[in-house]
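[1] Need coordinates for the below:
(one chain, ligands or ions: 2)
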Amino acid sequence: FNQQEFIKKIAKLELHLHIEGSLEPELMFRLAQRNNITLPYASVEALKEAYQFNNLQEFLDLYYQGAEVLQTEQDFFDLAWAYFETCHRDNVLHTEVFFDPQTHTERGIDIGTVINGLSRAKQQAHEQFGISCEYILCFLRHLSEDSAIATLEAAKPYLQHIIGAGLDSSEQGHPPEKFQQVFGMAKQLGLKRVAHAGEEGPAANVANAWQLLDVSRIDHGVRCLEDEALVKRLAAAKMPLTVCPFSNVKLKVVEHLREHPLPEMLEKGLAVTINSDDPAYFGGYLLDNLQACSETFAWSPQQIAQLCHNAVAASYASDQRKSELS
Ligand code: ES4
Ligand code: ZN
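    Numbering: from 1, shown residues only. Ligands and ions are numbered 1, 2, ... in the order given. Okay, the predicted model is just below:
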């Protein structure tokens, strides 16, 4: 029995993927050239060598810099299309994709340019590969709540392309309670809600994202383990946690994959899913994360199947699509 082949062939879903974090160095250089931008790196190799991070902020600095090559609708199409090609290669059949409009609107790019490019790629991925995709608009938590509200207002003409609202970027110093108002507005608009919490920040951020932002998934959530009572409540509610193992290693949330608390999280009955976060920066896509975890933690095929099942249950796919994916 070939476990790696089994993991490759099983139907997979991804629920935590930043499209700007899927920008591979090769495409970054191609888009820079196309848009007459000079990158502060001599080559693809030099750029890849810079991908060594001691924390979330060091990564975010390069991630926002990399995103500056994205300028036209075609650039956003090409970015998303490249990601869908990896999904097709790896048998990822459904994906829920974060995008950060403020990273682009702060540079003077219209939100319509971003959303139209992404949507066209999604449409083509559905037609050509049978992949289903939903987009989740993320607010950058290092910016003000007013800026988040303005972003939600600007997105109103495009709501048919957006299933939910999320919260990402620097968790330290920017707790969920800062965004209560805009999440209330997102709920009013019929959007699902998710938030990064308990990645670098404390367990209290997980509890507050749940209680105050009324989210239906927690992104990362690994530090919930520091609050035993919270873990019990999350498990009882089957609150999905979108865990990103390679991300946690690369950003030094954990020292090594073998020290990752995934086994403990599963042991405690948490509704864990496995995801790639920013695969172009963290060394691999969903398949790579699953294969490495399976090796490191000696997961059985049943455990792999359970994790994929957890992702179906946690997804925002229609009931019909969920049954196709089961
Ligand atoms: C992110 Cl790993 C991570 N954490 C928070 N915000 C992000 N945006 C892109 N990747
Ligand atoms: Zn993330």
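
[2] Who does whatever residue of the chain ends up closest to ligand 1 form a beta bridge with?
    Distance from ligand 1 to each residue of the chain (CB to the nearest ligand atom) is smallest for Asp168, at 3.5 Å. Using the backbone N, CA and C atoms, a C-beta is placed for each residue, glycine as well. Note on Asp168: beta-bridge partners by DSSP bridges are Leu140.

[3] what sits against it?
    By CB atoms under 8 Å, 6 or more residues apart in numbering, the residues touching Asp168 are His18, Phe98, Asp100, Cys138, Phe139, Leu140, Arg141, His196, Asp219.

[4] Test for you: state the pLDDT assigned to the closest residue to the fifth one other than its chain neighbours.
    The spatial neighbour of Phe139 that comes closest, neighbours along the chain excluded (CB to CB, 6 or more residues apart in numbering), is Ala148 at 3.9 Å. According to the per-residue confidence, Ala148 scores 99 in pLDDT.

[5] is it true that Ala148 touches Leu137?
    No: Ala148 lies out of contact with Leu137 (CB atoms under 8 Å); the separation is 9.8 Å.

[6] that older thread, so the residue of the chain closest to ligand 1 versus Leu60, what's the distance?
    9 Å (CB to CB, to the nearest Å).

[7] Residues of the stretch 151-300 of the chain that sit close to ligand 1?
    Residues of the stretch 151-300 of the chain lying close to ligand 1 (CB under 6 Å from any ligand atom) are Asp168, Ser169, His196, Glu199, Ser247, Asp277, Asp278.

[8] Quick check on the third one: phi, psi?
    In this entry, His196 is assigned phi and psi values of phi -70, psi 130 (degrees, to the nearest 10).

[9] Kindly report the same for Asp219.
    Dihedral angles for Asp219 - degrees, to the nearest 10 - are phi -90, psi 130.

[10] Ser169 is in contact with that one, correct?
    No: assessed by CB under 8 Å, Asp219 is found out of contact with Ser169, at 11.6 Å.

[11] which residues do those two both contact?
    His196.

[12] who has more neighbours, the two?
    Asp219 (27 against 20; other CB atoms under 10 Å).

[13] Apart from its neighbours in sequence, what residue is nearest that one?
    Asp219's closest residue in space is His196 (CB to CB, 6+ apart), at 4.3 Å.

[14] Repeat that for Ser170.
    His142 (4.5 Å).

[15] Can you tell me whether I have it right that the one you found is in a strand?
    No: counting by DSSP: H, G, I helix; E, B strand; the rest coil, His142 is not found in a strand; it is coil.

[16] Any idea how many residues pack against it?
    Around His142 there are 17 residues (other CB under 10 Å).

[17] contacting residues around it?
    Ser169, Ser170, His174.

[18] what's the spacing between it and His174?
    Applying CB to CB to His142 and His174 gives a distance of 6 Å.

[19] Identify the residues contacting Ala235.
    Here Ala235 is in contact with Lys268, Gly269, Leu270, Ala271 (CB under 8 Å, 6+ apart).

[20] I'd assumed Ile109 was in contact with Gln71.
    Yes: under the criterion of CB under 8 Å, Gln71 makes contact with Ile109 at 6.5 Å.

[21] the strands in the chain, which residues?
    12-18, 92-99, 132-140, 162-168, 192-197, 217-220, 240-243, 271-274 (DSSP state E).

[22] got the contacts of His142 as a markdown table, with pLDDT columns?
    Formatted as a markdown table, those follow (pLDDT from 0 to 100):
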| residue | pLDDT |
| --- | --- |
| Ser169 | 98 |
| Ser170 | 98 |
| His174 | 98 |
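
[23] Return the member of those residues nearest to Tyr64.
    Ser169 (8.8 Å; CB to CB).
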